[in-house]
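> This is the structure alone, sequence omitted:
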Ligand SMILES: CSC[C@H]1O[C@H](OP(=O)(O)O)[C@H](O)[C@@H]1O
């Protein structure tokens, strides 16, 4: 694993669409997976060059890269990288992809995009297993790049749809980071915010700090500030105060898994924000690619909630907040019931959960020509 302190040179245009920064890219010339180490933001910009699938799995597990779509794309590149390294026959190739896929799948349980991307790469592996090694690798890399490109396109499509619902001159609140740092580029909730800002709809964004891992304070404010979008950081405990004073007009967050009935798993603290938005009649909305929707999960009660390390609650950097030996709980996600969600913006259309729609409503809707 090598590191560089500046945007790495790439042999082609970044698929993220940004020359400023990216969460994940693949470098075909060296067969490396490039990751911005988000654990160090905002104080240090450091890119890691990963050369083995087990390094990629560790990077997802330790949140070098995080965010539902971004970890799916990263896992896809990890499998493509392995495909370029594995020279054995079809059986050996499929065994290697299967072992690595299971290791990647075990890194984080809640974001369904991870399992979705691994399953898609496994199907490709089965299709190409009997080809010559170079041809196999080419197809696997192309599939991972397609997953990446599709995610960026989905972010822009859902962004445009969600922006239409943002009231002119709104102060918009968002929780955690559902931006370019959490996706292949542009962002889901921050995609809605970027599109609404481009249309002159946003007065400012309130970014919840998002304890305990602080993705809002460390990542969302960093992204929006660098994009010239006015942003203020508030502590999670301040949301009720600003809602009660009528200072927030719209809420949009990301998602890690959306159940068949429209229940939404997202970063811990999302449910409380949704309840407060409901109490103050502020639209609470979600933006997510279709790969986040898991129609095999009937409702939110069936979504596995990742429990992360005590230390992510008990410590911030070198500061110890909780004395050793005192237990801490750390569910990394919670579930917001569909009844509290006004709308879910996806690249396939808007699920008007506030009007009783579910993901199936979009599937059944005649697609625009
Ligand atoms: C665009 S989905 C981002 C989603 O993922 C985050 O979780 P984590 O930072 O633990 O990967 C958070 O739930 C975001 O809304």
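Cool, got the structure. Since this is a predicted model, take the numbers as computed values, not measurements.

> Quick one: the helices in the stretch 201-350 of the chain, in order.
Taking DSSP state H, counting those that start in this stretch as the criterion, the stretch 201-350 of the chain contains helices spanning 215, 221-226, 239-244, 270-279, 311-314.

> average model confidence for the third one?
So that's helix 239-244. Mean pLDDT, computed over helix 239-244, is 98.

> Could you list the buried residues of the helix or strand containing residue 100?
Taking DSSP states H and E as the definition, one finds residue 100 inside helix 90-105. By neighbour count with 16 or more other C-beta atoms under 10 Å, helix 90-105 contains the buried residues 93-94, 96-97, 100-101, 103-105. C-beta coordinates here come from the backbone N, C-alpha and C atoms, glycine included.

> Switch the helices of the stretch 201-350 of the chain over to TSV; also include distance to residue 192 and mean neighbour count.
Output for the helices of the stretch 201-350 of the chain, formatted as TSV (distance: least, C-beta to C-beta, whole Å; neighbours: other C-beta atoms under 10 Å):
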stretch	distance to residue 192	mean neighbour count
helix 215	17	28
helix 221-226	12	20
helix 239-244	18	17
helix 270-279	15	21
helix 311-314	28	16
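
> Which elements pack onto the helix or strand harbouring residue 154?
In the assignment (DSSP H and E), residue 154 maps to helix 133-163. Taking 3 or more C-beta pairs under 8 Å, 6 or more residues apart in numbering; DSSP states H and E as contact, the helices and strands that helix 133-163 lies on are strand 24-27, helix 68-85, helix 112-128, helix 189-198, strand 284-287, strand 343-346, strand 349-351.

> Could you tell me the average pLDDT over it, please?
Helix 133-163 carries an average pLDDT of 98.

> for stretch 122-130, same thing?
Mean predicted confidence for stretch 122-130 is 98.

> how about it: buried residues?
Judged by neighbour count using 16+ other C-beta under 10 Å, the buried positions of stretch 122-130 are 122, 124-125, 128-129.

> Of the residues you listed, which is the nearest to residue 265?
Relative to residue 265, the closest of those is residue 122; by C-beta to C-beta it sits at 23.4 Å.

> if I read this right, that closest one contacts residue 101, doesn't it?
Yes - in this structure, residue 122 is within contact of residue 101 by C-beta atoms under 8 Å, at 5.6 Å.

> which neighbours do those two share?
residue 79 (C-beta atoms under 8 Å, 6 or more residues apart in numbering).

> circling back: now the helices and strands packed on helix 133-163 in JSON lines, with distance to the ligand?
Rendered in JSON lines, the data for these read as follows (distance: least, C-beta to the nearest ligand atom, whole Å):
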{"stretch": "strand 24-27", "distance to the ligand": "13"}
{"stretch": "helix 68-85", "distance to the ligand": "4"}
{"stretch": "helix 112-128", "distance to the ligand": "8"}
{"stretch": "helix 189-198", "distance to the ligand": "7"}
{"stretch": "strand 284-287", "distance to the ligand": "8"}
{"stretch": "strand 343-346", "distance to the ligand": "12"}
{"stretch": "strand 349-351", "distance to the ligand": "16"}
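
> would a markdown table of these with distance to residue 213 be doable?
Written out in a markdown table, the entries for the helices and strands packed on helix 133-163 read as follows (distance: least, C-beta to C-beta, whole Å):
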| stretch | distance to residue 213 |
| --- | --- |
| strand 24-27 | 18 |
| helix 68-85 | 14 |
| helix 112-128 | 17 |
| helix 189-198 | 16 |
| strand 284-287 | 20 |
| strand 343-346 | 24 |
| strand 349-351 | 28 |
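
> give the contact list for residue 115.
residue 105.

> where's it relative to residue 275, distance?
The spacing between residue 115 and residue 275, counted by C-beta to C-beta, to the nearest Å, is 29 Å.

> go on, residue 295?
Spatial separation of residue 295 from residue 275 under the definition C-beta to C-beta is 26 Å.

> neighbours around residue 299, how many?
Applying the criterion other C-beta atoms under 10 Å, we find 14 residues in the vicinity of residue 299.

> just residue 183 next, same as before
Other residues near residue 183 number 32, with proximity taken as other C-beta under 10 Å.

> Quick check: it touching residue 152?
Yes - under the criterion of C-beta under 8 Å, residue 183 is in contact with residue 152, at a separation of 7.3 Å.

> is stretch 8-18 up against the ligand anywhere?
No - with C-beta under 6 Å from any ligand atom as the measure, stretch 8-18 is seen stopping short of the ligand, the closest distance being 13.4 Å.

> Give me the contact list for that stretch.
With C-beta under 8 Å, 6+ apart as the test, stretch 8-18 has contacts from 22-29, 34, 47, 49, 145, 148-149, 152, 180, 184-186.

> at 7 Å what do you get?
With contacts defined as C-beta atoms under 7 Å, 6 or more residues apart in numbering, stretch 8-18 is touched by 22, 25, 27-29, 34, 47, 145, 148-149, 152, 180, 184-186.

> Pull the most distant pair out of the residues you listed.
Spatial extent of the contacts of stretch 8-18 (C-beta to C-beta) is set by the pair 29 and 186 at 24.8 Å.
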